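> coords please:
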Amino acid sequence: MLNNNNFLFTSETTPDVSTDLSASVKKVEDLINLADAVNVTDSPNCKTRLNSLLVASEIRKTGLEVILQLTGRDRNRVALESVLLGALSVDVNKVLCLSGDQPGKDGPVAVNELNSNGLIQLCKTISEGSLTDGTEIKNPLPIFSGAADDLYDQLSNPDAMGKLMTKIEQGANFVQTQYCFEYDIIKEYSDKLSAEGSFNDCKVLVGMGPLKSAKQGDWMRKNLWGINISDDILYQLETSDNPIETGEQICKELIEKIIHLPCVDGVHLMGPNCEIGSARIISNFR
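Below you'll find the model as predicted:
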C-alpha cells in the first residue's frame, strides 16, 4: 500500500462483541480486492470488542492488507511490545498509533504508559530489531506506523503542524485524518502540507465516511471526539428520499474534487458498519 503511487482507499471495521470470529471477518468481504487496506479498530470509545489482532490476522489471510489500530490506553509497554511482535508474526505490519479514547470517571482503569508519539517510537525501535530494554528480536521485520490528524485543528491551532511533524520525524509513514466533508478545508490543509515540503515519503489520507442518516451524523458529531459534520451535510441527509445513497454520493463527489490535490494521497472511509457503503464508494474509482 505505502509503495503505491495511485490514489489510496482505506476503510475500517470494528470487531463484534462476540465469540464468533468468522462473523467479524465476514464484515469486510466486500472490501477484498477493492480497498488498499482496512483498519481494524482497537476497542473504540473504550468499549470491549473481540481482540483486534485476532481479527486482523484472520482478515490478512483473505489477502486484504490490514492496518492494526493500537492504543496506549489499555496496555503497558510489555503488552504493547507483545502485540507488535504478534502482528508481525501474522504479516500485519501497518499500525495506526493512537493514544485512545479515555474512559469516563466510573470507567475502566487506563494505563497510558505510551501515548501516540510513544507508540510511533516503539514501532521504530522494534523495526530496528530490539525491544525497549535492549533484548534482540529474532527474525526482525519492519513496522510501518501511522499517525492520526485533525484538519480543523491544523487550521485553527498554530502548534498542530509542529506536533504532526514530530510524529513524521519519529517515524510515522502514513497519516489518517478525522472526518472532513468540506472541500475548502481539505484544500487549505493540502496547501499547508505542501508548504512544509516534508511529506514526500508519508502518505496522507483524508477521513470521511458513508453517513446513513442525519440522526447518525448528528449523534456522531455530538458524542465522538474530533468529528466535524456540517449542518448542510445533515440537511442533505434529512431531506433525501434515500439518505444512504445520498451519504455515499456526498463522499463520491468530494473525492472527485480532491483526488488531484497535492499531499492528499487518498481517503480513509470510516464510521459505524461502513464496510459495504465504503466498498460501493471505492468501486466508483476502480
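
> mean confidence score for the strand or helix carrying residue 68?
Using DSSP states H and E, residue 68 maps to strand 66-71. Mean per-residue pLDDT for strand 66-71: 98.

> what is whichever helix or strand comes after that strand packed up against?
Downstream of strand 66-71, the first helix or strand assigned by DSSP H and E is helix 77-89. Counting contacts by 3 or more Cβ pairs under 8 Å, 6 or more residues apart in numbering; DSSP states H and E, helix 77-89 packs against helix 52-60, strand 66-71, helix 116-127. (C-beta placed from N, C-alpha, C; glycine too.)

> between these, which gets nearest to residue 168?
helix 116-127 (9.1 Å; Cβ to Cβ).

> okay, the angle between the closest one and helix 77-89?
60 degrees (axes from the mean of the first three to the mean of the last three Cα atoms, to 10 degrees).

> partner strands of the very next helix or strand once past helix 116-127, with direction?
Going down the chain from helix 116-127, the next helix or strand is strand 144-149, by DSSP H and E. Strands that pair with strand 144-149, judged by DSSP bridges, come out as strand 94-98 (parallel), strand 174-179 (parallel).

> and the angle from the strand holding residue 68 to helix 77-89?
180 degrees.

> using PDB, list the CA coordinates for strand 66-71.
What follows is strand 66-71 as a C-alpha-only set of coordinates in PDB (Å, rounded to 0.1, in the frame of the first residue of the first chain):
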ATOM      1  CA  VAL A  66      -4.600  -4.600   7.300                       C
ATOM      2  CA  ILE A  67      -3.900  -1.600   9.400                       C
ATOM      3  CA  LEU A  68      -4.000  -2.500  13.000                       C
ATOM      4  CA  GLN A  69      -5.200   0.300  15.200                       C
ATOM      5  CA  LEU A  70      -3.300   0.300  18.500                       C
ATOM      6  CA  THR A  71      -3.900   2.500  21.600                       C
END
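
> and that strand, what other elements does it pack with?
strand 37-40, helix 52-60, helix 77-89, strand 94-98.

> give the buried residues for the first one.
Read that as strand 37-40. Residues 37-40 are the ones in strand 37-40 that count as buried (16 or more other Cβ atoms under 10 Å).

> and for stretch 154-174?
154, 160-161, 164, 167-168, 170-174.

> and residue 22, how many neighbours?
By other Cβ atoms under 10 Å, 8 other residues sit near residue 22.

> redo the buried residues of strand 37-40 as CSV? Include pLDDT and distance to residue 206.
Converted to CSV, the buried residues of strand 37-40 look like this (pLDDT from 0 to 100; distance: Cβ to Cβ, whole Å):
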residue, pLDDT, distance to residue 206
37, 98, 15
38, 98, 17
39, 98, 14
40, 98, 20
